[in-house]
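Trainee: Any chance you can model this:
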Amino acid sequence: MSSFDRGLSAADAGPGRYTAPDWDDAVDPRAGDEERVVESALRPHSLADFIGQPKVARQLDLVLEGAKRRGRPPDHVLLSGPPGLGKTSLALIIGSELGTAVKITSGPAIERSGDLAAMLSNLAPGDVLFIDEIHRIARPAEELLYMAMEDFRVDVVVGKGPGATAIPLEINPFTLVGATTRAGLLTGPLRDRFGFVGQMEFYDTTDLQKVIARSADLLGVELTADGSAEIAGRSRGTPRIANRLLRRVRDFAEVRADGRVTLEVARAALALYDVDDLGLDRLDRSVLDALVTKFGGGPVGVATLAVAVGEEPHTVEEVCEPFLVRAGLLARTPRGRVATEAAFRHLGHAVPRGGVPLSGGTGDRPSAGPGDSTLFDA
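Mentor: As a prediction, the model looks like this:
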């Protein structure tokens, strides 16, 4: 049985999804298998309960209401944005609002077009097919998906070589919901077949406080307003991180305090878990500290920076850099990574005389390459 062959109701986001590694970092926006089980209990089940993303929610409500009035499945939906912002929750809400089942799989799990054909043929009329990380779907399966999305038909190839025969297979009308953290990696033909594209944005502190208050109520955690604000301010604009920090602060409150999550308890707990007042954890500070103290603020290539902190380059690039750049603590230039003046001040270091070396520009290339060579990459 494939990772797909498990029917989910819209209210169920259980562990039948694809296997993903577990991460221990408190502020890593990705989720491991165990955390997915916890998240399923905290997910909202309707657009009315969904907090944040007001623009996407309003647009999606119109799409779904129009489809229900017409009695037809809505257009295919693409949700893009960083991990942990609620793409899976919205996919399940779509199924809940339509009153249909949601079948869940992931792009990496679909290696052959035959796998996708089997999934599509098992869909009931009006079902929702959710493909997470859809930009990683295999090319043969993607090409088969084009016809399925437009004509609700797939061609199954039987045999090999000159004797191969394509057998057309009609499938029930369905709605595809694709989620991606790398929208730029989607091919043009696939992107064009989505009738609605929603761009998920990072949450502000006010919305995160509402998320934390709702989760605390569901978990039975006694939470004060200032305790909620403290957790929200360190959650990097991501609900998944906010919920994770809430659970860890709850543990601290139950073991070392009276069970109430107050401002003092939240600060003590987050200090224990190495999450500072900006939401930076040990790895974030190690990257900044190496950049500031070992390389004089940069520029330095990401591979060299990763070696300096004992991590893999993709971990530094995918876990640390997005938030450091957004927080204005690090800049990516054509010559390499550079610490900003805010980074020096946050670490308690004096800003270099004459300022930081940002003259190389603010290029946004995702990884170190030939143009990133510096003294430290020689």
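
Trainee: mind listing the strands for the stretch 101-250 of the chain?
Mentor: 102-106, 128-132, 153-158, 165-170, 175-180, 196-199, 222-223 (DSSP state E, counting those that start in this stretch).

Trainee: Give the helix, strand or coil label for the closest residue to residue 293 other than its chain neighbours.
Mentor: Leaving aside its chain neighbours, residue 293 sits nearest to residue 349 (7.4 Å; criterion: CB to CB, 6 or more residues apart in numbering). Glycine gets a C-beta too; all of them are placed from N, C-alpha and C. State at residue 349, reduced to three classes by DSSP: H, G, I helix; E, B strand; the rest coil: coil.

Trainee: For residue 218, give its distance to residue 170.
Mentor: 42 Å (CB to CB, to the nearest Å).

Trainee: can you list the weak-confidence ranges in the stretch 201-350 of the chain?
Mentor: Along the stretch 201-350 of the chain, no part satisfies pLDDT under 70.

Trainee: Restricting to C-alpha, output the helix or strand where residue 252 lies in PDB.
Mentor: Following DSSP states H and E, one finds residue 252 within helix 239-256. Extracted in PDB, the C-alpha atoms of helix 239-256 (Å, rounded to 0.1, in the frame of the first residue of the first chain):
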ATOM      1  CA  PRO A 239       2.200  29.200  14.000                       C
ATOM      2  CA  ARG A 240       3.900  25.800  14.100                       C
ATOM      3  CA  ILE A 241       6.800  27.300  16.000                       C
ATOM      4  CA  ALA A 242       4.400  29.100  18.300                       C
ATOM      5  CA  ASN A 243       2.500  25.900  19.100                       C
ATOM      6  CA  ARG A 244       5.800  24.100  19.700                       C
ATOM      7  CA  LEU A 245       7.100  26.700  22.100                       C
ATOM      8  CA  LEU A 246       3.800  26.700  23.900                       C
ATOM      9  CA  ARG A 247       4.100  23.000  24.500                       C
ATOM     10  CA  ARG A 248       7.600  23.300  25.800                       C
ATOM     11  CA  VAL A 249       6.800  26.200  28.000                       C
ATOM     12  CA  ARG A 250       3.800  24.200  29.300                       C
ATOM     13  CA  ASP A 251       6.100  21.400  30.300                       C
ATOM     14  CA  PHE A 252       8.400  23.900  32.200                       C
ATOM     15  CA  ALA A 253       5.400  25.400  33.900                       C
ATOM     16  CA  GLU A 254       4.100  22.100  35.100                       C
ATOM     17  CA  VAL A 255       7.400  20.800  36.300                       C
ATOM     18  CA  ARG A 256       9.100  23.900  37.700                       C
END
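
Trainee: And it, how far out from the chain middle?
Mentor: The chain centroid and the centroid of helix 239-256 are separated by 20 Å under CA atoms, centre = their mean, to the nearest Å.

Trainee: Now the element after it, going C-ward?
Mentor: Using DSSP H and E, the first helix or strand after helix 239-256 is strand 260-261.

Trainee: picking up where we left off before, include mean neighbour count and distance to residue 291 when you put the strands of the stretch 101-250 of the chain into JSON lines, please.
Mentor: Output for the strands of the stretch 101-250 of the chain, formatted as JSON lines (neighbours: other CB atoms under 10 Å; distance: least, CB to CB, whole Å):
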{"stretch": "strand 102-106", "mean neighbour count": "24", "distance to residue 291": "34"}
{"stretch": "strand 128-132", "mean neighbour count": "27", "distance to residue 291": "33"}
{"stretch": "strand 153-158", "mean neighbour count": "14", "distance to residue 291": "50"}
{"stretch": "strand 165-170", "mean neighbour count": "10", "distance to residue 291": "55"}
{"stretch": "strand 175-180", "mean neighbour count": "26", "distance to residue 291": "30"}
{"stretch": "strand 196-199", "mean neighbour count": "17", "distance to residue 291": "30"}
{"stretch": "strand 222-223", "mean neighbour count": "19", "distance to residue 291": "36"}
